[in-house]
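Engineer: Sharing a sequence plus its predicted fold:
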Amino acid sequence: MRVLGQWEDYLALCKPKVVALIVFTAVVGMFLATPGMVPWSILLFATLGIGLASASAAAINHVVDHKIDSVMARTRRRPLPRGYVNTQSAIAFSFILGALAMFVLAEYVNVLTALLTLFSLIGYGFIYSLYLKRATPLNIVIGGAAGAAPPVLGWTAVTGALEPHALLLFLIIFAWTPPHFWALAIYRRDEYASADIPMLPVTHGVEFTRLQILLYTIVLFIVCLFPYLIYMSGLLYLIGALLLNGGFLYYAIRMQFDHSDRLAMKTFKFSVWYLMALFAVLLVDHHVPTAISMLGLAG
Ligand code: HEM
Ligand SMILES: CC(C)=CCC/C(C)=C/CC/C(C)=C/COP(=O)(O)OP(=O)(O)O
C-alpha cells in the first residue's frame, strides 16, 4: 500500500478536469468584467487562487465521500478507497491548498474575492458533500450554487464589486448544473441507490428526472438569451448560444423518447462541451469586436 501516495494520487484528489473548466469560467468572468485587458497580476493570482480553492474543495469531497466512493463502481478506484492516500494526508493536503488559495486571493487580489471563494469552498466541500448530498434530491440544485460561483469570483477579482452582469453568468451555470448531473445520475442510478444517496432518479424515478432535465434545459435556454438582450454580449454570442442551446435542447427532448442509458451518457458528455463552448463564445464575442476596431484604428 502506498501510504503517502504519489503525485498522481494527489492530482486525482483535485478533480483536475472539473477544476480546469471551473477555472476557465472564472477567467472568462475576469475578461467580461472589463472592456480592456485584465491586469496581468490579477489574471495570474486570481486564476491561481480560484484553482487552488476549487482543488481544495474537491479534496475535501474525497475525504467526506470516502465511504460512498468505495461503494460505487465509478468512484471505487479513487485514491482514498484504494488506500493510496490516507485520510490525514488528504485533509492536510486540502488544508494547505485552501490556506494558500486564501493567502493569494486576500494578499494579491482582494478580500471580497477571497471571502466569496471561501464561501464557495465551504458550500461544496462541506454543505453539499457532508449534508445536502445525503439529505435531499435537491442536493444538486442547491449545491450547484458553489460550482456556479467561479465567473462571479473572476468578475469581483477585476472590479472588486458584485455586479448584475456577473450574476447572469452565475445563473447560466446554476441552471446548467442539474441537467449536467442528472443525465449522469440516470446512467448511474443503481450505484447511487446502493450507496443510499437520494439522487433524483433514485427518489423520484427516471421518467420524472428526464422531465426535469428538459425543464431546466428550457430555463437554461432562456437565461442564455439575457446576455444578448441586455446588451452585455453581441450577435456572435447570440448565434453561438442559439446553436449550443439548440443542441442541448435536442438531447433533452430526445431523452423523453429514447430511454437508453447510452443517450443519457451522451447528454452528460455534451453538457461538458456545451459549457466550455458557451463560455468560449462569451469570451470571443467580448474581445473580437474590440480587436477588430483596434485593427481598424491602426489601419
Ligand atoms: C453540484 C454541482 C455538480 C455536480 C454534482 C457534478 C457532478 C459531476 C459528476 C458526478 C461527474 C462525473 C465525474 C466522473 O465521471 O468521475 C462530473 C463530471 C464533470 N463535471 Fe460536473 N458536477 C457539478 C458541477 C460542475 C461544474 C460547476 C463544472 C465546471 C464548471 C463541472 C464540470 C465537469 C467536468 C469538466 C466533468 C468531466 C470530468 C471528466 O471527464 O473526468 N461540473 N460532474
Ligand atoms: C470556487 C470553488 C471553491 C468552487 C468549488 C466548486 C467545485 C469544486 C465544484 C465541483 C462540483 C463537482 C465536481 C461536483 C461533483 O459532485 P459529487 O461530489 O457528488 O461527485 P463525485 O461522486 O464524482 O464525487
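Structural biologist: Right, received. Where do you want to start? Ligands and ions are numbered 1, 2, ... in the order given.
Engineer: which residue sits closest to Phe279 in space, ignoring its chain neighbours?
Structural biologist: Val28 (4.5 Å; C-beta to C-beta, 6 or more residues apart in numbering). Quick note: C-beta positions are derived from backbone N, CA and C, even for glycine.
Engineer: tell me what the one helix or strand that neighbour maps to is packed against?
Structural biologist: Secondary structure assignment for Val28, by DSSP states H and E: helix 16-32. Judged by 3 or more C-beta pairs under 8 Å, 6 or more residues apart in numbering; DSSP states H and E, helix 16-32 is in contact with helix 40-64, helix 150-159, helix 164-187, helix 261-298.
Engineer: Quick one: mean pLDDT for stretch 166-177?
Structural biologist: Averaged across stretch 166-177, the pLDDT comes to 98.
Engineer: ok, is it in contact with ligand 1 or not?
Structural biologist: Yes. If you take C-beta under 6 Å from any ligand atom as the test, stretch 166-177 does meet ligand 1, through Ile173, Thr177.
Engineer: Using PDB, list the CA coordinates for that stretch.
Structural biologist: This file holds the C-alpha atoms of stretch 166-177, laid out as PDB (Å, rounded to 0.1, in the frame of the first residue of the first chain):
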ATOM      1  CA  ALA A 166     -21.700  38.700 -13.100                       C
ATOM      2  CA  LEU A 167     -24.900  37.300 -11.600                       C
ATOM      3  CA  LEU A 168     -26.100  36.500 -15.000                       C
ATOM      4  CA  LEU A 169     -23.000  34.300 -15.600                       C
ATOM      5  CA  PHE A 170     -23.800  32.700 -12.300                       C
ATOM      6  CA  LEU A 171     -27.300  31.900 -13.300                       C
ATOM      7  CA  ILE A 172     -26.100  30.200 -16.500                       C
ATOM      8  CA  ILE A 173     -24.100  27.700 -14.600                       C
ATOM      9  CA  PHE A 174     -26.700  27.400 -11.900                       C
ATOM     10  CA  ALA A 175     -29.400  26.400 -14.500                       C
ATOM     11  CA  TRP A 176     -26.900  24.100 -16.300                       C
ATOM     12  CA  THR A 177     -25.800  22.100 -13.300                       C
END
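Engineer: for this structure, what are the low-confidence residue spans?
Structural biologist: 1-5, 289-299 (pLDDT under 70).
Engineer: check which helix or strand covers the residue of it found nearest ligand 1.
Structural biologist: Closest residue of the chain to ligand 1, C-beta to the nearest ligand atom: Gly147 (2.7 Å). In the assignment (DSSP H and E), Gly147 maps to helix 139-148.
Engineer: Need the phi and psi values for Tyr84.
Structural biologist: Dihedral pair for Tyr84: phi -80, psi -30, per degrees, to the nearest 10.
Engineer: these two touch, right, the residue of the chain closest to ligand 1 and Tyr124?
Structural biologist: Yes. Counting by C-beta atoms under 8 Å, Gly147 does reach Tyr124; the two are 6.7 Å apart.
Engineer: Pick the most deeply packed of the helices and strands packed on helix 16-32.
Structural biologist: With neighbours taken as mean count of other C-beta atoms under 10 Å, the helices and strands packed on helix 16-32 reach their highest mean count in helix 150-159, at a mean of 27.
Engineer: ok, that one near ligand 2 or not?
Structural biologist: Yes. Counting by C-beta under 6 Å from any ligand atom, ligand 2 is contacted by helix 150-159 at Pro150.
Engineer: who in the chain is up against ligand 1?
Structural biologist: 17-18, 21-22, 25, 74, 140, 143-144, 147, 173, 177, 180-181, 184, 272, 275.
Engineer: sorry, back to before: who are the contact partners of the residue of the chain closest to ligand 1?
Structural biologist: Residues in contact with Gly147, defined by C-beta atoms under 8 Å, 6 or more residues apart in numbering, are Ile22, Tyr124, Ile173, Thr177.
Engineer: What parts of the chain come near ligand 2?
Structural biologist: 15, 18, 22, 50, 53-54, 57-58, 61, 65, 75, 117, 120-121, 124, 129, 133, 146-147, 149-150.
Engineer: could you redo the last one with a cut-off of 8 Å?
Structural biologist: Proximity of the chain to ligand 2 is confined to 15, 18-19, 22, 26, 50, 53-58, 61-62, 65, 68-69, 72, 74-75, 101, 117, 120-121, 123-125, 128-129, 133, 139-140, 143, 146-147, 149-150, 153, 181 under the rule C-beta under 8 Å from any ligand atom.
Engineer: just to revisit the earlier point, give me the distance between the helix holding Val28 and the centre of its chain.
Structural biologist: A distance of 8 Å separates the centroid of the chain from that of helix 16-32, by C-alpha atoms, centre = their mean, to the nearest Å.
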